[in-house]
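Q: Below are the sequence and a predicted model for it; my questions follow.
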Amino acid sequence: MSASQLLAHSSSINVTVLEPKDTHYYQPAWTLVGAGTYDYKQTAKPMSEVMPKGVNWVKDYAVSFDPENNQVHTEKSGALSYDYLIVAPGLVMEPSMIEGLSEALDKGQVCSNYTNPEHTWELLQKFKGGNAIFTQPTTPIKCGGAPQKIAYLAADYIRKHGLQNKSNVVFATPGSVIFGVPEIKKTLMEVIDQYGIHFKPLFAPVKIDGDNKVVHFKYMAPEGDMPAFEEGNALGIKVIGEKLIEMPFDFMHLAPPQAAPKFIRESPLANAGGWLDVDHHSLQHNSYSNIFGLGDVAALPTAKTGAAIRKQVPIVLDNIKRMMANKKADNTSYNGYSSCPLVTGYGKMVLAEFDYDNNFTPDPKLKQMLVFDSSKEHWRLWMLKKYMLPYLYWNKMLKGINV
């Protein structure tokens, strides 16, 4: 998106894209793949098809930065020099941060739409009852709503197949609330109640025993006692230590822990937490003025989504153009906008749009779709998720067309 818009601004700008992969994935659809309502093959395109015409595509990996000398070092192509640098490598899965997850993930009964959504669908079809647990880590993750979307779809699937009386759907999260935006939280708590989902806030997964199908959670309340669990409770929860419980599962889906790529974490561009250290409103690096950050790698206190990037790119490019004209990069208009399409069942969705302060900020264009309150479930929002957003991504966003 950035490269396309820069080239549209001026064909004389020399734009290099450092990208090692052969395939580009539309990952937002992987939630639907995991529920059997989207074809995985349709989420992939050759990278050559989405690479903007006119860019210098260096098909290689970045390994380190030398910001003092305006260079990026690559694995095979040597050093690349730049006048302005946009850093947007996304993030990486770090399953080793939860004990046993590396050994259990995508094998047996442990799955993740983040890594293999087709496996999620295979396991969901095989599920015949018991505990179906959905959870997420304490780290930041891309698309923070994804772990609960598949929980709602699975609960709908279980109900449609008459398994609800033999099943316990559990959504366990380290957070204290289901969603930070009050209007969205209200609807999601109603959805949880309608499905009979066991909502377990302040539950952080710390160990997974895939062979014995048991997960250990740490209770995350900063102070106070852990809730009491009666012997022989419906979920089979056992207290095994101070603020530590175990729960058996017959199906388990989770978002793996996630982090900035190693070459970012170990670079002078990272903050203390390992994320790209940029200004929250201009997206300019806090130490190196000719470097900007976009997307999941940026140390921004908002949800890591493609929708956020859609709003970030024009601000970054405006600031770069200002610097090219020997002006100050003083566009500080990014307000933390992000959007999370929260699928709540087959054919239903809520659309959470919000800013840094968790204000609900629905797009006025939704009224053109006859959606007047996107904090409520609507079938038209499902159509937006399944059909319109993929189209806009491939045909507009990646081509630099603002939507």
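A: Happy to help now that I have it.

Q: If the spatially most central residue of the chain is in a bridge, with which residues?
A: Central residue of the chain (C-alpha atoms, centre = their mean): residue 142, 1.9 Å from the mean position. Judged by DSSP bridges, the bridge partners of residue 142 are residue 304.

Q: And it, what's its pLDDT?
A: Note on residue 142: pLDDT of 96.

Q: How about residue 159?
A: 98.

Q: contacting residues for it?
A: Going by C-beta atoms under 8 Å, 6 or more residues apart in numbering, residue 159 touches residue 195. Quick note: C-beta positions are derived from backbone N, CA and C, even for glycine.

Q: Identify each buried residue in the host helix or strand of it, please.
A: Assigned by DSSP states H and E, residue 159 belongs to helix 146-160. Residues 146-159 are the ones in helix 146-160 that count as buried (16 or more other C-beta atoms under 10 Å).

Q: Let me know the closest of those to residue 47.
A: Using C-beta to C-beta, residue 146 comes nearest to residue 47 of those, at 23.4 Å.

Q: contacting residues around the closest one?
A: Residue 146 neighbours (C-beta under 8 Å, 6+ apart): 31, 113, 114, 255.

Q: my read: the last one touches residue 138, true?
A: No: checked against C-beta atoms under 8 Å, the pair residue 255 and residue 138 is beyond contact range at 10.8 Å.

Q: Among the two, which residue is more densely surrounded?
A: Counted by other C-beta atoms under 10 Å, residue 255 and residue 138 do not tie: residue 255 has more neighbours, with 24 against 16.

Q: Would you quantify the distance from that one to residue 50?
A: 25 Å (C-beta to C-beta, to the nearest Å).

Q: Pull the number of nearby residues for residue 11.
A: Neighbour tally, residue 11, other C-beta under 10 Å: 9.

Q: any idea how far it lies from residue 52?
A: For residue 11 relative to residue 52 (C-beta to C-beta), the value is 12 Å.

Q: same deal with residue 134?
A: The separation that residue 134 has from residue 52, given C-beta to C-beta, amounts to 38 Å.

Q: Please tell me I have it right and residue 59 contacts residue 19.
A: Yes: Residue 59 lies in contact with residue 19 (C-beta under 8 Å); the separation is 6.7 Å.

Q: Who has more neighbours out of these two?
A: For residue 59 versus residue 19, the count of surrounding residues by other C-beta under 10 Å is larger for residue 19: 19 against 16.

Q: who are the neighbours in contact with the more buried one?
A: Residue 19 touches 47, 51, 57, 58, 59, counting by C-beta under 8 Å, 6+ apart.

Q: Run through the bridge partners of the fourth one.
A: What it means is residue 58. Applying DSSP bridges, one finds that residue 58 bridges with residue 18.

Q: my guess is it contacts residue 80, does it?
A: Yes: the pair residue 58 and residue 80 qualifies as a contact (C-beta under 8 Å) at a distance of 6.6 Å.

Q: which residues are in contact with both of those two?
A: In contact with both residue 58 and residue 80: 16, 18, 74, using C-beta under 8 Å, 6+ apart.

Q: doesn't residue 73 make contact with the second one?
A: No: with contact defined as C-beta under 8 Å, residue 18 and residue 73 do not form a contacting pair (10.5 Å).

Q: between the two, which one's more packed in?
A: residue 18 (18 against 15).

Q: what about the nearest residue to residue 40 once chain neighbours are set aside, neighbour count?
A: In space, and not counting its chain neighbours, residue 40 is closest to residue 33: 4.8 Å by C-beta to C-beta, 6 or more residues apart in numbering. By other C-beta under 10 Å, 22 other residues sit near residue 33.

Q: what's the answer for residue 3, then?
A: The burial count for residue 3: 23, using other C-beta under 10 Å.

Q: Please, which helix or strand holds it?
A: According to DSSP H and E, residue 3 maps onto helix 2-9.

Q: which residues sit against that helix?
A: 13, 15, 17, 52-55, 86, 88, 294, 313-314, 316-317, 320-321, 398-401.

Q: Quick check: the farthest pair among the buried residues of helix 146-160?
A: 146 and 159 (20.7 Å).

Q: Which residue ranges of the stretch 151-300 of the chain form helices?
A: 182-195, 262-265 (DSSP state H, counting those that start in this stretch).

Q: other SSEs contacting the last one?
A: Helix 262-265 makes packing contacts with strand 62-66 when contacts are defined by 3 or more C-beta pairs under 8 Å, 6 or more residues apart in numbering; DSSP states H and E.

Q: so what's residue 59 closest to, chain neighbours aside?
A: residue 20 (5.9 Å).

Q: OK, contacts around the one you found?
A: Counted by C-beta under 8 Å, 6+ apart, residue 20 has contacts 59, 60, 61, 75.

Q: just the buried members of those residues?
A: 59, 60, 61.

Q: which ones are touching the nearest residue to residue 37 once chain neighbours are set aside?
A: Excluding its sequence neighbours, the residue lying closest to residue 37 (C-beta to C-beta, 6+ apart) is residue 346, at 6.5 Å. Going by C-beta under 8 Å, 6+ apart, residue 346 touches 35, 37, 153, 156, 157, 160.

Q: if we can go back for a sec, can you name the helix or strand that the residue nearest to residue 40 falls in?
A: helix 30-34.

Q: Give me the pLDDT for the residue lying farthest from the centre of the chain.
A: For the chain, the largest distance from the centre (C-alpha atoms, centre = their mean) belongs to residue 231, which lies 36.9 Å off. Per-residue pLDDT puts residue 231 at 86.

Q: Without its sequence neighbours, what residue ends up closest to residue 115?
A: residue 106 (5.9 Å).
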